[in-house]
Every structure is written in C-alpha cells, then in structure tokens.
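Q: task: produce atomic coordinates for the following.
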Amino acid sequence: MGAPFFLREREDTLRVFTYAPHDEKIRRLVAAASAAKSRRPGGGTWTKERSAYIKHYFQCGMADAPLIT
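A: Next up is the predicted model:
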C-alpha cells in the first residue's frame, strides 16, 4: 500500500493508475463492506483501513497521496 510513497522520487518505476466504472466500484464496495461485517465485529471497509494506514505511516491523508500516473 505504501509503494507510491516509497517510489515517488524514483524515475525508473512504471506508474499505473487503474480504475473501474462508478457502478462497478459501488458494487465492489458494498460487497466488501458486507463481507467485512460478517468477518469481524464493528464492520469496516478496506478503504477505511487503507486510509488509516496511510495516515499512520506517512502522516497524510489519502487525498494527499501522490498520484500514480
């Protein structure tokens, strides 16, 4: 999860940004949230965990993460 931060200064890296249609992302988020709620108390989502990881280790928010272009 921290690769964009660790490699941001390097010029010998391949930078790729992948995306999906909005409806597909919503479908996957709903499925992930449903699965997370059944796995552990309190629910939660991958995005929430990823955001906390970025904030803890890199002292910035997901919106401040360097773009992978």
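
Q: the strand or helix carrying residue 56: how far from the chain's middle?
A: Residue 56 belongs to helix 46-58 when assigned by DSSP states H and E. Helix 46-58 sits 8 Å away from the centroid of its parent chain (C-alpha atoms, centre = their mean, to the nearest Å).

Q: oh, and call the first residue 38 from now on, that's how I've got it
A: Right, with 38 as the first residue, what we last looked at is helix 83-95.

Q: name the helices or strands packed onto it?
A: The contact analysis (3 or more C-beta pairs under 8 Å, 6 or more residues apart in numbering; DSSP states H and E) places helix 83-95 against helix 40-43, helix 59-76. C-betas here are computed from N, CA, C, even on glycine.

Q: what residues sit buried inside the first one?
A: This means helix 40-43. By neighbour count with 16 or more other C-beta atoms under 10 Å, helix 40-43 contains the buried residues residue 41.

Q: and that helix, C-alpha only, in CSV?
A: Taking C-alpha atoms only, helix 40-43 is exported to CSV below (Å, rounded to 0.1, in the frame of the first residue of the first chain):
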residue,chain,number,x,y,z
ALA,A,40,4.6,1.9,-2.9
PRO,A,41,3.5,5.3,-4.3
PHE,A,42,5.2,7.0,-1.3
PHE,A,43,8.4,4.8,-1.3
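
Q: which residues does the nearest residue to residue 92 once chain neighbours are set aside contact?
A: Closest residue to residue 92 apart from its sequence neighbours, by C-beta to C-beta, 6 or more residues apart in numbering: residue 98 at 6.3 Å. Taking C-beta atoms under 8 Å, 6 or more residues apart in numbering, we find residue 98 in contact with 88, 91, 92.

Q: quick check: the second one touching residue 85?
A: No - shown here, residue 91 and residue 85 do not form a contact pair, counting by C-beta atoms under 8 Å, at 11.1 Å.
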